[in-house]
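Novice: have a look at this fold, sequence not included:
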């Protein structure tokens, strides 16, 4: 079905790296490391546990953390939920206020909304029109009763990088709030240094970095003495913070993928930046285009462009048989809702809906980008002719 | 969103998109681009009185594929027909032929409004 369609949606998910897939298959079948890692009474369990600890070290190494700080989860969504609900539950006696941004992922915004329903107060900061969030504005929102600041590192729609180190430093001066960073889009795309960031909690996802879906982690700073209450009760795995048998094959794949992504990051950066600018140059030539998230600091893997004078659903319909990209709208069965991230950047509904997010990855070639450019510019010109714009 | 073959055909190849110019051409439009759907029809008539016919029809459309396909379908099927300010078939029939979701009915009414405006301009109704 997707044969011949150029994949430019790496920010949504990535294919599992062959190196990671090979390690995963070693943990599935009889003769492999299939044991329950919690079964300390026999060699099967010990072997699985050893593979998990090795993966934990790989993940920690890729993000500048200590292995003991890694809590494996089912993904970044669970990690974000654990960070927010776990912090809220632990520190609720100290205050009931959270600071976050309007451009966060739903897995941050929805837990915040749930806490609001429970009587918490949440401040939602708006970024500038360039997508950047000024660290001083974040710190200024911290109140004496603020217990958590949750800010994403790399925005999943615009690619804009937040200066989380500066945010953490300024917030530390402003109060005693814990700092959580959603870094689901960061690994392999820009430097992630948990210790240097000076934050308390950091969420990561495996499948955004050529690992498997269904795996992620929350890093919990030991040095900063971060505390959480678990949101799952059960066997007390992962230091009591995430009950449930750890999926050996998943975290082993995640460890291998993170190690590889970290090793390739610098060499991939230049190549992908060139592809991104090549596509932007081609798209810009069609005129009436806006690059969303034009802040100086952004990952090169992501290009978000709005096309003036083009209706969003028609644009997607015109290109989808040729390229796989995300749009600036959430489609339901019949209607569209403009991206709340792009609207937060000041785009109106029409412009937000007529946006395409191109995200590049390890397997993207120049030929892929050339084809995407031809398809999109052709579609935009055709739809503008039909619309008389 | 998936589209049936008819919608896909008229969206991919909108043969009657464009405008008409001349003293025997009439124009009508409805909707608005900022609101998400805008359609314009141009019609050229031939003959007069009871023998009048739509000789040509062209459209411009800012909208979803169903709107573009509907406008193309209306323009094509109107040619040769009497210039009456109504669709040859109802909006509901149009929606069924294009298998457009019922939530898009409002957008198809914009197509109808634009067609009626063009024909009213042409017939002086």
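Specialist: Here it is on my side, so go on. For clarity, every value in this text was computed on a predicted model and none was experimentally measured.
Novice: doesn't residue B:87 fall inside a strand?
Specialist: No: the assignment for residue B:87, made by DSSP: H, G, I helix; E, B strand; the rest coil, is coil rather than a strand.
Novice: list the contacts of the residue nearest to it when sequence neighbours are not counted.
Specialist: Nearest residue to residue B:87, sequence neighbours excluded (C-beta to C-beta, 6 or more residues apart in numbering or on different chains): residue B:112, at 5.4 Å. C-beta here means a position set from N, CA and C on the backbone, and glycine is covered the same way. Shown in contact with residue B:112 (C-beta atoms under 8 Å, 6 or more residues apart in numbering or on different chains): B:86-87, B:91.
Novice: cool, residue A:234 as well?
Specialist: A:243-244.
Novice: which element is it on?
Specialist: Per DSSP states H and E: residue A:234 is located in neither a helix nor a strand.
Novice: can you tell me which helix in chain A is longest?
Specialist: helix A:248-284 (DSSP state H).
Novice: state the mean pLDDT of stretch A:238-245.
Specialist: For stretch A:238-245, mean pLDDT is 97.
Novice: buried residues, that stretch. List them.
Specialist: A:238, A:241-242, A:244 (16 or more other C-beta atoms under 10 Å in any protein chain shown).
Novice: tell me how far that stretch lies from the chain's centre.
Specialist: With C-alpha atoms, centre = their mean, to the nearest Å as the basis, stretch A:238-245 stands 23 Å off its chain's centre.
Novice: what does that stretch rub up against?
Specialist: Contacts for stretch A:238-245 (C-beta under 8 Å, 6+ apart): A:36-38, A:71-73, A:78, A:82, A:86, A:218, A:220, A:228, A:230, A:232-237, A:246.
Novice: which strands and helices lie in contact with the helix or strand following the longest helix of chain A?
Specialist: Using DSSP H and E, the helix or strand that directly follows helix A:248-284 along the chain is strand A:289-292. In this structure, strand A:289-292 makes packing contacts with helix A:248-284, strand A:302-307, judged by 3 or more C-beta pairs under 8 Å, 6 or more residues apart in numbering or on different chains; DSSP states H and E.
Novice: pick the most buried one from these.
Specialist: Neighbour counts (mean count of other C-beta atoms under 10 Å in any protein chain shown) averaged over each of the helices and strands packed on strand A:289-292 peak at strand A:302-307, with a mean of 26.
Novice: which of the helices or strands spans residue B:92?
Specialist: helix B:91-98.
Novice: that helix - contacts with which helices or strands?
Specialist: helix B:5-12, helix B:65-78, helix B:105-123.
Novice: in ChimeraX, how would I select the buried members of the contacts of residue B:112?
Specialist: A single ChimeraX command selects the buried members of these (16+ other C-beta under 10 Å):
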select /B:87,91
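Novice: from the contacts of residue B:112, which is closest to residue B:116?
Specialist: Nearest to residue B:116 among the contacts of residue B:112, counting by C-beta to C-beta, is residue B:86 at 6.5 Å.
Novice: what's near enough to touch the nearest residue in space to residue B:17 that is not next to it in sequence?
Specialist: Once flanking residues are discounted, residue B:17 sits nearest to residue A:386: 4.6 Å by C-beta to C-beta, 6+ apart. Shown in contact with residue A:386 (C-beta under 8 Å, 6+ apart): B:14, B:17, B:60-62, B:68.
Novice: the stretch 51-200 of chain A: helices as residue ranges?
Specialist: A:76-91, A:106-117, A:135-140, A:164-174, A:194-197 (DSSP state H, counting those that start in this stretch).
Novice: select, out of the ones you listed, the one closest to residue A:253.
Specialist: helix A:76-91 (15.4 Å).
Novice: and for that closest one, what's in contact with it?
Specialist: Contacts with helix A:76-91, where a contact means C-beta under 8 Å, 6+ apart, come from A:71, A:73, A:96, A:98, A:105, A:107-108, A:111-112, A:114-115, A:120, A:147-148, A:150, A:178, A:180, A:182, A:184, A:201, A:203-205, A:208, A:216-218, A:226-231, A:241-242.
Novice: now, of the residues you listed, which are buried?
Specialist: Taking 16+ other C-beta under 10 Å as the criterion, what is buried in these is A:71, A:73, A:96, A:98, A:105, A:107-108, A:111-112, A:115, A:120, A:147-148, A:150, A:178, A:180, A:182, A:184, A:201, A:203-205, A:208, A:216-218, A:226, A:228, A:230-231, A:241-242.
Novice: spell out which parts of chain B neighbour chain A.
Specialist: Those residues of chain B that sit near chain A, judged by C-beta under 8 Å from any C-beta of the partner chain, are B:1, B:3, B:11, B:14, B:17-19, B:33-34, B:36, B:38, B:40, B:60-65, B:68, B:101-104.
Novice: any idea how far residue A:238 is from residue A:230?
Specialist: Computed as C-beta to C-beta, to the nearest Å, the residue A:238 to residue A:230 distance reads 9 Å.
Novice: let me redo that: residue B:58
Specialist: From residue B:58 to residue A:230 the distance is 65 Å (C-beta to C-beta).
Novice: for the closest residue to residue A:235 other than its chain neighbours, which three-state class applies?
Specialist: Nearest non-adjacent residue to residue A:235, counting by C-beta to C-beta, 6+ apart: residue A:243, 5.0 Å away. Secondary structure, three-state DSSP: residue A:243 is coil.
Novice: tally of neighbours for whatever residue of the stretch 51-200 of chain A ends up closest to chain B?
Specialist: In the stretch 51-200 of chain A, the residue that lies nearest chain B is residue A:129 (19.3 Å; C-beta to the nearest C-beta). Look at residue A:129: counted by other C-beta atoms under 10 Å in any protein chain shown, it has 14 neighbours.
Novice: ok, now which ones touch it?
Specialist: A:345-346.
Novice: which pLDDT does the model give residue B:23?
Specialist: pLDDT for residue B:23: 88.
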